[in-house]
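**Q** Turn this into a structure:
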Amino acid sequence: MKCIAYNGGYKYQLNETYALAIDIKPSTPINTKYIALDSDGNLTISEGYAWDGPSGSIDTLTFMRGSLVHDALYQLMQEKYLDLNIHREAADRILQKICKEDGMWSLRAWWVYHAVRLLGKPAANPADKRPVTRAPEGCQP
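**A** Just a heads-up that it's a prediction; the model follows:
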């Protein structure tokens, strides 16, 4: 029997590589299959990257770019490339800043920031990685 292994929970997939300068500057460059962050704060998210979009909110155009960058940064924390305790607040502020740049009302962007501060830590916690699911039923690694 041929089996597949996958992670669920994703709604969107990036169709073009996206790059942005951010205020998080690791001491050594980070390079993963889909995310790169150099020591100058240049973040690159590669074509094919999948993310779940805005969590707990309506998926609007003013929220999509921020959710992409925020999810990528949280993934780097979850995979221990960035320290959760050092970089999480900066990632949350970057989300708020991008949302405002993209036309989100300031009050909503404020709410988004406070929501991720209050509820977002499990998404960046290395202990809470998404499980691998195997199909069809009965497949083993």
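
**Q** right, and the secondary structure at the residue most central in space within the chain would be what?
**A** Note on the chain: the residue nearest the mean C-alpha position is Asp71, at 1.0 Å, using Cα atoms, centre = their mean. Secondary structure for Asp71, judged by DSSP: H, G, I helix; E, B strand; the rest coil, is helix.

**Q** Not counting its neighbours along the chain, what's nearest it?
**A** For Asp71, the nearest residue in space outside its immediate sequence neighbours is Trp51; the separation is 4.0 Å by Cβ to Cβ, 6 or more residues apart in numbering. Heads up, the C-betas are built off the backbone N, CA and C, glycines and all.

**Q** Look up how far Tyr81 lies from that neighbour.
**A** With the distance defined as Cβ to Cβ, to the nearest Å, Trp51 ends up 16 Å from Tyr81.

**Q** Show me which of those two is the more surrounded one.
**A** Just comparing Trp51 and Tyr81: by other Cβ atoms under 10 Å the higher neighbour count belongs to Trp51, 23 against 18.

**Q** and the more buried one, what does it touch?
**A** 10-12, 14, 67-68, 71-72 (Cβ atoms under 8 Å, 6 or more residues apart in numbering).

**Q** For these, pick the one with the most neighbours.
**A** Asp71 (26 neighbours).

**Q** For Ser67, give its distance to Ser57.
**A** Taken as Cβ to Cβ, the spacing of Ser67 relative to Ser57 amounts to 9 Å.

**Q** Please read the previous query as pertaining to Ser106.
**A** The value you get for Ser106 to Ser57, if Cβ to Cβ is used, is 15 Å.

**Q** Next: Pro29.
**A** Distance check for Pro29 against Ser57: by Cβ to Cβ, it reads 32 Å.

**Q** Also Glu16?
**A** With Cβ to Cβ as the criterion, Glu16 and Ser57 are 24 Å apart.

**Q** any low-confidence regions in this structure?
**A** Along the chain, segments meeting pLDDT under 70 span 1.
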